[in-house]
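A.B. asks: would you be able to build a 3D model of this:
(3 chains)
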Amino acid sequence: MAKVFIYPTTSLILSDLVARFGHTPLSAALQIRDRIQTPGLESPPLQITPEGPKKGLRWAAVEVPSGVRGRMSLYGPMIEEAEAAIIINNPDFSFGCMGCARTNELINFLIRKRKVPILDLEYPETDEEGVEFVAAIKRFLDDLNGGAA
Amino acid sequence: MTRVRIAQLSCGPEYSGVQKEIDAAAAAVDAEIFFPDLKLADLKQSYDEFGLDVRSPDLKLAIARAKALVEGRIEADAVFIATCFRCAEAAIVRNELRRFIHENSKLPVVSYSFTERTTSGTLLTRMEALTTIARRRALLAREVQQGLTMGIDSGSSTTKAVVMRDNTIIGTGWLPTTAVLESADEAIRRALSEAGVTREEIQAVGTTGYGRFLVGDHVNADLIQEELTVNSKGAVFLADAQHGPSTVIDIGGMDNKAISVQDGIPGTFTMGGICAGASGRFLEMTSKRLGVDITELGPLAMKGMSRKVPMNSYCIVFGTQSLVNALAAGSTPEDVAAAACHSVAEQVFEQQLQEVDIKEPVIMVGGTSLIQGLVRAMEELLQTKIIVPHHAQYIGAVGSALLASGFIKGD
Amino acid sequence: MTQYSPRYAGTVTKYIFVESPDMTPSDLAIRAYEISQGVMIKETCFGLQVTGSEDDVNRIIDSLRMLDPSHIFVKDRGFPPGDSRRCRANLGGARPGYFGHEFEIGLIRRVSKGLESLPARKPKDTPHPPAPSRVRKLDAARLKKIIDSQES
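C.D. replies: Here you go, the predicted model:
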């Protein structure tokens, strides 16, 4: 069972397929849950305090906007933990956690730098592309288990 | 009092840990923040129609929400636009949305670029102005001062008081701010004495400036109001530009205000945010270093050529360094004075005036507007004639006295 | 500074989306209530949110998935159900993540199609998706050749 970074990290489709085919999706929700369930100073809505952007300095320098660094405090640990990644290359309408293009560019770069197995895809636009999409994900995830289906 | 509903268009505050600061600032002025509701299909259509191609989905959402507000599909009383400081993409969206809303609706709008260190205190005056414009349009529509009223402006550098009767200023008091209440008492004493009236005769009092709450409480004020709306009102009143568009610039001791005004009511504004090199303080330091009184700095600067001395720092320490170097290198006090004025004007121009639409007439107010060299430098930068109305240094006090007359009993 | 004490600490919440011609969110909810055994179930317009210990939540999900495997989709949620910080009633509008769901739900039937038809295909017949599109620029030398051929 591999920890699979998904992009967009908020994707229902990727989260579902990764879990369905026997692996652990690393989704933004897990990081948010971690904050929502940890006592500390109140900072609604996401319980990201000004400490978040400071933690983000590990992945982005101080001249990088605070929103990028705050988001990186969520994604940085996920990227470091990832054993594989599935990336959808046209997530034009993923808001909130994936709402900042600069962060998304950085995430994309850092996950590729990890040299873990990566599957690049686009959202399916036809039924046949849907079949290709699911087949590619299944094949990729099976291969992570050494090819055993 | 009904709660003012402020629509938030933003990217990044939840991830910077500052959303709670925005919420708190709004709550402090009895307003609430909300996020205009859309459907994905509307979002896509509105974003396409607006035509600004951005990569960040949250900025697309902000654009679509702005369109829904302007088109009246969603109701709001005011708009707050907030994006991360130092994000170029967001800065473009912020400016274009501010302009779009200002030009196409009556909604007051303020934009702000935050860092993780932004606090509710920093946002409070802006939120207060937003809610005042939304809530007190009737009050702000007042164009004539009636009865006998007093206005007090408790500023960071100076405290001013003005007594007005039947639309005329009859007494003024001015002194540097030391202890807030004592300074206010003394300014009031001077204004009353010049006017030849007693405190008891005054029918209504308004306060503004940093110390407005403390002083307002102390003098039992009828109106306690932030300086953005009050100064706009005072400026158009004194400059006789109450109708149509105008731009008000106030370079203060601690922060600067640039306000785009329509019919005496602020539409968009920026406030503070830059360092002391771009404030009245720097000019005070310059006059001290040149060994002249601050009142002499303006005439001195008018005789000099700013181009002869390199000086353009927003930092007061570096600015002073340039000043000392220039004098040591043999520059004349006239040129140094002119350069200091140009430097302050340039910082305000570059850092703040870009965020409001400059529409004529441009009115400069506040104590620094009496420094002719500074006004000239700003005129050169803006390529327009600037109006400095009489009593410009009393602007906040005049605006307060004018608005306070709306509170005269039986009025 | 207000101290924050979390509610539902130690639980997990998962979304269960159903996008099916044969099953509505309320059908799903009825089945979920039957097997909930004290686990918190909240019905929504797109399906359910289930909150409880990870094992309990997974047990319910495994059971529900079997009802319509190709049309039920599951994802983690950071917040417990009805949390005022994410609730539309409090925010005035949908939380940003909602639009992402709306977008994916709009195309999820193609994923369902894939899940349905894949088992029937032999492994060697399963198609590969095209590589994500990259707009290729025309090679300058080739452009020159085209221009030359037009001129001659």
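
A.B. asks: drop to CA atoms for contacts and neighbour counts, all remaining ones
C.D. replies: OK.

A.B. asks: so how far is the top helix by length along chain A from its chain's centroid?
C.D. replies: When chain A is scanned for its longest helix (criterion: DSSP state H), the result is helix A:127-144. Relative to its chain's centre, helix A:127-144 lies at 18 Å (CA atoms, centre = their mean, to the nearest Å).

A.B. asks: hmm, who's touching it?
C.D. replies: Residues outside helix A:127-144 that contact it (CA atoms under 8 Å, 6 or more residues apart in numbering or on different chains): A:2, A:17-18, A:21, A:23, A:86, A:119, A:121, A:123-124, A:147-149, C:110-115, C:117-118, C:126-129.

A.B. asks: so which bits of it are buried?
C.D. replies: A:127-142, A:144 (16 or more other CA atoms under 10 Å in any protein chain shown).

A.B. asks: what do you get for stretch B:214-227?
C.D. replies: B:V215, B:G216, B:V219, B:A221, B:D222, B:L223, B:I224, B:Q225, B:E226, B:E227.

A.B. asks: these in strands, which ones?
C.D. replies: Residues of the buried residues of stretch B:214-227 located in strands (DSSP state E): B:L223, B:I224.

A.B. asks: of all the buried residues of stretch B:214-227, which two lie farthest apart?
C.D. replies: B:V219 and B:E227 (17.8 Å; CA to CA).

A.B. asks: now do the strands in chain A.
C.D. replies: Going by DSSP E, chain A shows strands at A:3-7, A:24-26, A:40-41, A:84-88, A:118-121.

A.B. asks: which one of those has the poorest average confidence?
C.D. replies: Of all the strands of chain A, the minimum mean pLDDT falls on strand A:40-41 (a mean of 92).

A.B. asks: contacts for that one?
C.D. replies: Residues from elsewhere that reach strand A:40-41 (CA under 8 Å, 6+ apart): A:Q47, A:T49, C:M1, C:T2, C:Q3, C:Y4, C:S5.

A.B. asks: a strand runs through C:I16, doesn't it?
C.D. replies: Yes - judged by DSSP: H, G, I helix; E, B strand; the rest coil, C:I16 forms part of a strand.

A.B. asks: which pLDDT value belongs to it?
C.D. replies: Value for C:I16, per-residue pLDDT: 96.

A.B. asks: how many neighbouring residues does it have?
C.D. replies: Around C:I16 there are 25 other residues, counting by other CA atoms under 10 Å in any protein chain shown.

A.B. asks: need the contact list for B:E379.
C.D. replies: B:K385, B:I386.

A.B. asks: repeat the analysis, applying 6 Å as the threshold.
C.D. replies: B:E379 sits next to B:K385 when contact means CA atoms under 6 Å, 6 or more residues apart in numbering or on different chains.

A.B. asks: how close does it sit to chain A?
C.D. replies: 34 Å (CA to the nearest CA, to the nearest Å).

A.B. asks: repeat for B:L238
C.D. replies: 42 Å.

A.B. asks: show me the residues around C:R77 that make contact.
C.D. replies: Taking CA under 6 Å, 6+ apart as the criterion, C:R77 is in contact with A:A29, C:T13, C:K14.

A.B. asks: among the residues you listed, which one sits closest to chain B?
C.D. replies: Nearest to chain B among these: A:A29, at 13.9 Å, using CA to the nearest CA.

A.B. asks: which residues touch the spatially closest residue to the closest one that is not a sequence neighbour?
C.D. replies: Nearest non-adjacent residue to A:A29, counting by CA to CA, 6 or more residues apart in numbering or on different chains: C:G78, 4.4 Å away. Going by CA under 6 Å, 6+ apart, C:G78 touches A:A29, A:L30, A:I32, A:R33.

A.B. asks: just these: which are in helices?
C.D. replies: The helices, defined by DSSP H, take in A:A29, A:L30, A:I32, A:R33 from those.

A.B. asks: tell me the phi and psi of residue 99?
C.D. replies: Let's take chain A. Backbone torsions of A:G99, given as degrees, to the nearest 10, read phi -80, psi -10.

A.B. asks: B:V93 versus that one, what's the distance?
C.D. replies: In this view, A:G99 and B:V93 are 14 Å apart by CA to CA, to the nearest Å.

A.B. asks: do B:K20 as well
C.D. replies: From B:K20 across to B:V93, the span is 23 Å (CA to CA).

A.B. asks: before we move on, back to that, for A:G99 and B:V93, indicate the residue with more neighbours.
C.D. replies: A:G99 (27 against 21).

A.B. asks: surely that one touches B:R55?
C.D. replies: No - using CA atoms under 6 Å as the test, A:G99 is too far from B:R55 to be in contact (9.1 Å).

A.B. asks: surely B:M285 is in a helix?
C.D. replies: Yes - residue state for B:M285 (three-state DSSP) corresponds to a helix.

A.B. asks: need phi/psi at the spatially closest residue to it that is not a sequence neighbour.
C.D. replies: In space, and not counting its chain neighbours, B:M285 is closest to B:T320: 7.8 Å by CA to CA, 6+ apart. Backbone geometry at B:T320, expressed as degrees, to the nearest 10, gives phi -70, psi -40.

A.B. asks: what is the burial count for B:T320?
C.D. replies: 20.

A.B. asks: try A:V62
C.D. replies: By other CA under 10 Å, 13 other residues sit near A:V62.

A.B. asks: distance of it from B:E116?
C.D. replies: According to CA to CA, A:V62 and B:E116 sit 11 Å apart.

A.B. asks: likewise C:K113?
C.D. replies: Per CA to CA, C:K113 is found 45 Å from B:E116.

A.B. asks: also C:F79?
C.D. replies: 23 Å.

A.B. asks: skipping its backbone neighbours, what lies nearest B:A404 in space?
C.D. replies: B:G206 (5.2 Å).

A.B. asks: what sits against that neighbour?
C.D. replies: Contact partners of B:G206, counting by CA under 6 Å, 6+ apart, are B:G151, B:A221, B:D222, B:L223, B:I224, B:S400, B:A401, B:A404.

A.B. asks: picking up where we left off before, out of the strands of chain A, which comes closest to C:M40?
C.D. replies: Across those, closest to C:M40 is strand A:24-26 (CA to CA), at 23.1 Å.

A.B. asks: what about the helices in chain C?
C.D. replies: Using DSSP H, the helices found in chain C span residues C:25-35, C:54-65, C:88-91, C:96-105, C:108-117, C:140-151.

A.B. asks: any low-confidence regions in the chain?
C.D. replies: No chain was given, so I picked chain A. A:147-149 (pLDDT under 70).

A.B. asks: switch to chain B, please.
C.D. replies: Scanning chain B for pLDDT under 70 picks out the ranges B:1, B:273-274, B:277, B:410-411.

A.B. asks: chain center to stretch A:42-56, what's the gap?
C.D. replies: Between the centre of stretch A:42-56 and the centre of its host chain there is 19 Å, according to CA atoms, centre = their mean.

A.B. asks: stretch C:21-40 now?
C.D. replies: Its chain's C-alpha centre and that of stretch C:21-40 lie 18 Å apart, by CA atoms, centre = their mean.

A.B. asks: check contacts around the closest residue in space to B:A301 that isn't next to it in sequence.
C.D. replies: Nearest-residue entry for B:A301: B:A338, 4.1 Å, with adjacent residues in sequence omitted and distances by CA to CA, 6+ apart. Residues in contact with B:A338 (CA under 6 Å, 6+ apart) are B:A301, B:G304, B:M305, B:S306.

A.B. asks: that older thread, tell me if I am right that the residue nearest to B:A404 is in a strand.
C.D. replies: Yes - counting by three-state DSSP, B:G206 is part of a strand.

A.B. asks: before we move on, the earlier item: neighbour-wise, which one of the contacts of B:A338 leads?
C.D. replies: Per-residue neighbour counts (other CA under 10 Å) across these peak at B:A301, which has 26 neighbours.
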